[in-house]
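Trainee: okay, here's the prediction I keep looking at, along with the sequence it came from:
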Amino acid sequence: MATTGLAGCSSLGLGGSAGKQSQVDGWRTIRGTPNSTGLAGDRGPSADIENEFTSSLRDGTTLAGSPLVGSDGLYELGLNTDAYEEDPPTFAIYAYGLSSEDGSERWRQKISESTAVQAYRQIRRVIDSDSVYGLWVERTDDSTVTRLVSISQSNGDTQWGEHYPTSEIGEPVGYPTVFDGTLYQTLSSGLVAFDTDDGSLRWKREDLTIESRSLAVNGEGIVVVVRGDDWNEVALLNPEDGSTEWREPINWSVNADPVIADGSVYVADGTSFYWEDPRVGSGTITLPPRKVYSLSVSDGSTEWSHTYEPGEVEDGRVRVDDGESMLMAGGTSSLTVVGDHVYFALMFPNAAEYLGRRAEEDQVERLQNFLYQGPNVFALDRSDGSVAWEQTLGDRAGAFLPSVADSDHLYVQNMAGGLDSERSDEIYVLDRSDGSVITSFGPISDTPQPFAVAGETLYVHTGDEIEAWR
């Protein structure tokens, strides 16, 4: 049930007026902008794209999430992988400043060090225009704390550090976001807001179980997906104190990541899992239809919804013939909201992935006829949710990761898998206006990671390296 919205709230984007899409320089958080639109502040690559460089960090540091790109370079924070080369093993968190032109190291700083096994976990990072912020859980002999630091982008010096008992504040989960002098972080216990000037606690919520990997924030509010009594719910929170303005239920959501922009909240039902054991059931799997929603910031009411039916093959049923339990996964968990369109891409496996590399070719062909093979990238009209265009990439809906848009292009990662070959992940560059394929490039990674677009370059983590394509 919708409740009242933010009193006196104007429809302001990120530093803009109503109806104007916001941009920031570089790529500062998991979805580029604090309001999670997936809009790149700079134009991305579009023709004759090659692997410009691959940068290996000196300590073999494990990297996760999307690369972070500021106005003066790339910034990383992670745990070393060479701890056991020393006696005793020494674990350390390093921060790096890299050149965005060639990936060379501008500076490297050791932020924390310990000989305790599993001393660090849940390392998270985010940037704003001047600083790199790091959060992690740190275990010592007599305590476990959640630590927060601010690091200068110019030289890697620690500007301030703060810590809180993990038992009181919780562990970081999901990805942090910085907006208007406040760092927001989802926690195992809820949501917290820190002052970026000194790391002091502004407020925290301990009564929310956050289900989204990221949150979205602008001058209109904070949007998260939370666990409800029956279904997951979209919640709008007041940035000043974290209080709830409204909550609205959505169906089937697993890691559904919201967007807030220009007076509306956008969210999808998310990826879902369905299974049925033929030994106790009918031997079929049915995928219910799922939706993309546009909700009003003022009260959470539905402005429009678009229904997509990925199970609409053979009456929406996938037949199980081999007497074994099966698992169906798929859908979309993220949206890219730019200009007049809401973009989303689907993820569903093909038969080769279902059956495994030892399956016979005729088995794969037979099962493939029952699996979804339709369009997997869509553009919806932001005004009413109607389909502006649709595109099919490959023989499966393999667009697993969030897409990214610049002023003219949409970048979609498609995971192409086959029976006799290793998976090859490519980035497709589409024309935003009509969905036509301009080019594609890759393979980019054995382990798909969210990517960043800035300065006519696409950056992506590949284990402990950073690849740059331009």
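Mentor: Yep, that arrived.

Trainee: and the helices in the stretch 51-200 of the chain, which stretches?
Mentor: Taking DSSP state H, counting those that start in this stretch as the test, the helices found in the stretch 51-200 of the chain are 166-169.

Trainee: can you report how many residues lie near the closest residue to residue 150 other than its chain neighbours?
Mentor: Nearest in space to residue 150, with sequence neighbours left out and distances taken as CB to CB, 6 or more residues apart in numbering, is residue 159 at 4.3 Å. For the C-beta atoms, the positions are set from N, CA and C on the backbone; glycine is no exception. By other CB atoms under 10 Å, the residues close to residue 159 number 16.

Trainee: same question, residue 143
Mentor: When neighbours are counted by other CB under 10 Å, residue 143 comes out with 11.

Trainee: residue 125 now?
Mentor: With other CB under 10 Å as criterion, residue 125 counts 24.

Trainee: now residue 334
Mentor: 30.

Trainee: what sits against it?
Mentor: Contacts for residue 334 (CB atoms under 8 Å, 6 or more residues apart in numbering) come out as 31, 38, 257, 268, 344, 401-403.

Trainee: name the SS class of the residue lying closest to residue 63 once chain neighbours are set aside, please.
Mentor: In space, and not counting its chain neighbours, residue 63 is closest to residue 461: 4.3 Å by CB to CB, 6+ apart. Per DSSP: H, G, I helix; E, B strand; the rest coil, the local secondary structure of residue 461 is strand.

Trainee: these two touch, right, residue 461 and residue 62?
Mentor: No - with contact defined as CB atoms under 8 Å, residue 461 does not count as touching residue 62 (9.3 Å).

Trainee: can you pull the buried residues of stretch 295-312?
Mentor: 295-298, 300, 303-304, 306, 308, 310-311 (16 or more other CB atoms under 10 Å).

Trainee: list just the nearest of those residues to residue 87.
Mentor: Comparing the buried residues of stretch 295-312 against residue 87 with CB to CB places residue 310 closest, at 53.5 Å.

Trainee: which helix in the chain has the most residues?
Mentor: helix 361-368 (DSSP state H).

Trainee: you'd agree residue 401 is in a strand?
Mentor: No - Residue 401: not assigned to a strand; according to three-state DSSP it is coil.

Trainee: so which strand or helix has the nearest residue to it once chain neighbours are set aside?
Mentor: Distances taken as CB to CB, 6+ apart place residue 413 nearest to residue 401, at 4.8 Å, with adjacent residues excluded. Per DSSP states H and E: residue 413 is located in strand 409-416.

Trainee: same for that strand, what does it pack against?
Mentor: strand 377-381, strand 404-405, strand 424-431, strand 451-454 (3 or more CB pairs under 8 Å, 6 or more residues apart in numbering; DSSP states H and E).

Trainee: which one of those lies nearest to residue 49?
Mentor: Of the helices and strands packed on strand 409-416, nearest to residue 49 by CB to CB is strand 424-431, at 7.5 Å.

Trainee: what does that closest one rub up against?
Mentor: Contacts of strand 424-431 (CB under 8 Å, 6+ apart): 44-46, 49, 377, 391, 393, 408-417, 436-446, 448, 451, 458, 469.

Trainee: can you give me the helices in the stretch 251-400 of the chain?
Mentor: In the stretch 251-400 of the chain, the helices defined using DSSP H, counting those that start in this stretch lie at 351-355, 361-368.
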